[in-house]
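S.K.: for reference, the sequence and a predicted model appear below.
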Amino acid sequence: MSDSETARLSNRQVAEVFAAIGDLMLILGENRFKIIAYQNAARTIEELNRDIHTIHAAGELRSIPGIGQAIAEKIDDLLTTGHIPLYDKLTEQVPAGVVEMMRVPDVGPKTAKRLWEELDITSVEGLKAAAQAERIRGLKGFGAKSEEKILKGIELLARRADDRTPIGTARPLAEGIIADLLAALPAGTIQKIELAGSLRRWRETIGDVDILAVSEQPVAVMEAFRSLPQVVDILGAGDRKSSVTLPNGMQVDIRVVEARHWGAALAYFTGSQAHNVAVRELAQKQGWSLNEYSLTSDGKETEFFKSPDSPGTHEAKNSVSDRYFETEEELYAFLGLEWVAPEMRENSGEIQAARQHSLPRLIEVGDIVGELHSHTVFSDGKGTIAEMAAAAQAKGYGYWNVSDHSIGLGVTQGVDAAKLAEQRAEIDRLNAGYAAAGDDFRLLLGTEAEVLADGTLGLPDEVLATLDVVVASIHIGLRQDRETITERCLKAVRNPHVDILGHPTGRLIGRREPSDIDLERVLQACAETGTIVEINANPARLDLSGAYARRAVELGCTLVINCDAHSTEQIDLLPYGIHTARRGWVTAADVLNTRPLAEMLGMLKDAKSDR
Ligand code: DGT
Ligand code: CA
Ligand code: CA
Ligand code: ZN
């Protein structure tokens, strides 16, 4: 049953057909009990925990609770012929867009029908245009309010359609699945298992989770996977691949391959698609066709092989043969390429660099030796200074900057000069203890100074001058117009006491758009003034993004990767920041907090002396 599953309908697709029958009958105003029967069938199929094809093949459709003779016959029609005559007849009567209109909140079947019949509206786009043109108020019982409601509903619908999951949500769930799957199987059943797709590339949002594994017992792996307690729906169930959904609606795909296919398969399923296409073209020029299992010689002698100095020249030139790769490194090397880190596989220059063996050596989690942006109970953090410090020491950090919110940020109580003095006393006491114990770890006193609406900071310069490391961030007035917020930020960046610009765009992934700030200008100013630019590692922020981190380095900025920890647990968010940096081709040398304390402080001092 290996290849047939691409063409066959998933449980969800079968369910969707029955739901659509119900919707069509609603619009046509058919018998209520019939409609309910189809709606129930759709829900039942959607929630099945077995592949409907298996049940069908066993002749057991009628044993599904809620599936009677009439529905069972229609499932049989659909699975064997791909059609249900009733469904075909209904779709001929009602335009598809009219059903679609029912998805708009507040537009029920009766409204959809009237909009269609009386105003000739047959799509959501048409509905939007009609509402904007104020045509809907002409309908009896509708007014300006209804048009407003409809437009708002359409907006909501569009937002819901973007069902990508933020990486901070997706990654723990995906890692949990791998851990649970390994635990559910006898040791040794799975030889290799890894996240692939956008998760392996650390994209900031995830469409679906892709898992790739090597096992000699693929069927056992499939069964264990589909039986995991967090699986709510099985979308596909094959011998070597399965797809399921989790309670949050996120889809997880798993595939099991043979060990000899691992290198090609992992490369293929890691993507990105654009990177894969470029690699495949390169392979083609060398006379090979690349798929998810292997390289296959196309048997044609190409120009490539006549040129002795082309990269990737290899022996089996003309014979039709397959090449297998147990690792990605071998595959890339065979094609004359340096291995490309997954974060760089976006077809943005990495293939060229890999051919020239000039890929950067990307920063790693272990390169970070200190944290320069953190919070405590003095503002909105959960840990005391001592608790945060202990967690930092346990991580092996050399320094930790306590940077509670300054006053000026209305929503949280901030630190003022008096509270800073209290913090200073506590930090001095703790540092004396480390020194006495011969421990090199040191606490620093800083602040996360609020950049006020006019670009001045939440604390006066005299106070800032007494601090070790000053982070300046914008939290309020993020919706100022481009010129205003850019000027405001530039003023902060040029302040002689500001060391770091915190989370420059203020975005919250999937929840809040970045501010309209002119980042190019801000980054240029940071490069000129030596102000360090933050990559905030909190997965809700990832701010700067990878792409802007790359631009910042190009412009000559130095970066800092901070967890902005509000609790001891949040120190563990660092990998999100590191992999975001890697997506921006960032090396350890580009990042301030890869330096030991004295060197780091020296760099900050030098930068400020130029302002
Ligand atoms: P996502 O799920 O939208 O966050 O992004 P990806 O990159 O995980 O995409 P996905 O799950 O559709 O596919 C996983 C990888 O499999 C993708 O990065 C590249 C590979 N792949 C899937 N479909 C195709 C295809 O049609 N052509 C090529 N070249 N590669 C594909
Ligand atoms: Ca994916
Ligand atoms: Ca996928
Ligand atoms: Zn903060």
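M.R.: Sure thing, it's come through. Ligands and ions are numbered 1, 2, ... in the order given.
S.K.: when you work out contacts or count neighbours from here on, use the C-alpha atoms and nothing else.
M.R.: OK.
S.K.: list the buried ones in stretch 483-499?
M.R.: 484-499 (16 or more other C-alpha atoms under 10 Å).
S.K.: nearest to residue 66, out of the residues you listed: which one, please.
M.R.: Using C-alpha to C-alpha, residue 485 is the member of the buried residues of stretch 483-499 that sits closest to residue 66, with 59.0 Å.
S.K.: gap between that closest one and residue 50?
M.R.: To residue 50, residue 485 is 55 Å away according to C-alpha to C-alpha, to the nearest Å.
S.K.: then residue 521?
M.R.: Distance from residue 521 to residue 50, by C-alpha to C-alpha: 56 Å.
S.K.: of these two, who's got more company?
M.R.: In this view residue 521 and residue 50 are compared by other C-alpha atoms under 10 Å, and residue 50 has more residues nearby, 17 against 14.
S.K.: list the contacts of that one.
M.R.: Going by C-alpha atoms under 8 Å, 6 or more residues apart in numbering, residue 50 touches residue 234.
S.K.: please export the C-alpha coordinates of the longest helix seen in the chain as PDB.
M.R.: The residue-count maximum for a helix in the chain (DSSP state H) belongs to helix 417-436. Backbone C-alpha positions of helix 417-436 (Å, rounded to 0.1, in the frame of the first residue of the first chain) are rendered in PDB as follows:
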ATOM      1  CA  ALA A 417      17.100  55.300  41.400                       C
ATOM      2  CA  ALA A 418      16.200  54.200  44.900                       C
ATOM      3  CA  LYS A 419      15.300  50.600  43.800                       C
ATOM      4  CA  LEU A 420      18.500  50.500  41.700                       C
ATOM      5  CA  ALA A 421      20.500  51.300  44.800                       C
ATOM      6  CA  GLU A 422      18.800  48.400  46.600                       C
ATOM      7  CA  GLN A 423      19.700  46.200  43.700                       C
ATOM      8  CA  ARG A 424      23.300  47.400  43.700                       C
ATOM      9  CA  ALA A 425      23.700  46.600  47.400                       C
ATOM     10  CA  GLU A 426      22.300  43.000  46.800                       C
ATOM     11  CA  ILE A 427      24.600  42.500  43.700                       C
ATOM     12  CA  ASP A 428      27.700  43.800  45.500                       C
ATOM     13  CA  ARG A 429      27.000  41.400  48.400                       C
ATOM     14  CA  LEU A 430      26.500  38.400  46.000                       C
ATOM     15  CA  ASN A 431      29.600  39.300  44.000                       C
ATOM     16  CA  ALA A 432      31.700  39.600  47.100                       C
ATOM     17  CA  GLY A 433      30.600  36.000  47.900                       C
ATOM     18  CA  TYR A 434      31.600  34.700  44.400                       C
ATOM     19  CA  ALA A 435      35.000  36.500  44.800                       C
ATOM     20  CA  ALA A 436      35.500  35.000  48.200                       C
END
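S.K.: quick one: name the residues of the stretch 151-300 of the chain near ligand 2.
M.R.: Residues of the stretch 151-300 of the chain lying close to ligand 2 (C-alpha under 5 Å from the ion) are 197, 208, 209.
S.K.: correction: the chain
M.R.: Applying C-alpha under 5 Å from the ion, one finds that the chain approaches ligand 2 through 197, 208, 209.
S.K.: ok, residue 356 - contacts?
M.R.: Residue 356 is in contact with residue 337, counting by C-alpha under 8 Å, 6+ apart.
S.K.: distance of it from residue 550?
M.R.: Taking C-alpha to C-alpha, one finds residue 356 at 20 Å from residue 550.
S.K.: go on, residue 370?
M.R.: Taking C-alpha to C-alpha, one finds residue 370 at 22 Å from residue 550.
S.K.: okay, these two: which has more neighbours?
M.R.: Neighbour count, other C-alpha under 10 Å: between residue 370 and residue 550, residue 370 has more, with 28 against 19.
S.K.: need the pLDDT of the more buried one.
M.R.: pLDDT recorded at residue 370 is 98.
S.K.: hmm, it is touching residue 402, no?
M.R.: No - using C-alpha atoms under 8 Å, residue 370 makes no contact with residue 402, being 11.5 Å away.
S.K.: chain center to the strand or helix carrying residue 386, what's the gap?
M.R.: Per DSSP states H and E, residue 386 falls inside helix 385-394. With C-alpha atoms, centre = their mean, to the nearest Å as the basis, helix 385-394 stands 30 Å off its chain's centre.
S.K.: now the angle between helix 417-436 and that helix, please.
M.R.: With axes from the mean of the first three to the mean of the last three C-alpha atoms, to 10 degrees applied, the angle from helix 385-394 to helix 417-436 works out at 40 degrees.
S.K.: which strands or helices does helix 385-394 pack on?
M.R.: Contacts defined by 3 or more C-alpha pairs under 8 Å, 6 or more residues apart in numbering; DSSP states H and E place helix 385-394 against strand 399-402, helix 417-436.
S.K.: list the contacts of the closest residue to residue 387 other than its chain neighbours.
M.R.: Ranked by C-alpha to C-alpha, 6 or more residues apart in numbering and with sequence neighbours excluded, the top spatial neighbour of residue 387 is residue 568, at 7.2 Å. By C-alpha under 8 Å, 6+ apart, the contact list for residue 568 reads 382, 383, 387, 388, 391.
S.K.: how does it look with 10 Å?
M.R.: Contacts for residue 568 (C-alpha atoms under 10 Å, 6 or more residues apart in numbering) come out as 374-376, 381-384, 387-392.
S.K.: leaving out chain neighbours, which residue sits closest to whichever residue of the stretch 51-200 of the chain sits closest to ligand 1?
M.R.: Nearest residue of the stretch 51-200 of the chain to ligand 1 (C-alpha to the nearest ligand atom) works out as residue 197 at 3.3 Å. Closest residue to residue 197 apart from its sequence neighbours, by C-alpha to C-alpha, 6+ apart: residue 270 at 4.0 Å.
S.K.: I'd guessed the one you found sits against residue 203; true?
M.R.: No - between residue 270 and residue 203 there is no contact, the gap being 11.3 Å when judged by C-alpha atoms under 10 Å.
S.K.: buried stuff in the helix or strand harbouring residue 523?
M.R.: Assessed by DSSP H and E, residue 523 sits inside helix 519-529. For helix 519-529, burial by neighbour count (16+ other C-alpha under 10 Å) applies to 519, 522, 523, 524, 525, 526, 527, 528, 529.
S.K.: what does stretch 31-40 give?
M.R.: Quick answer for stretch 31-40 (16+ other C-alpha under 10 Å): 35, 37, 38, 39, 40.
S.K.: put the alpha carbons of that stretch into CSV.
M.R.: The C-alpha trace of stretch 31-40 is given here as CSV (Å, rounded to 0.1, in the frame of the first residue of the first chain):
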residue,chain,number,x,y,z
ASN,A,31,-35.0,18.3,5.4
ARG,A,32,-33.4,19.1,8.7
PHE,A,33,-33.0,15.5,9.9
LYS,A,34,-31.2,14.5,6.7
ILE,A,35,-28.9,17.5,7.2
ILE,A,36,-28.1,16.5,10.8
ALA,A,37,-27.4,12.9,9.6
TYR,A,38,-24.7,14.2,7.2
GLN,A,39,-23.2,16.6,9.7
ASN,A,40,-23.0,13.8,12.3
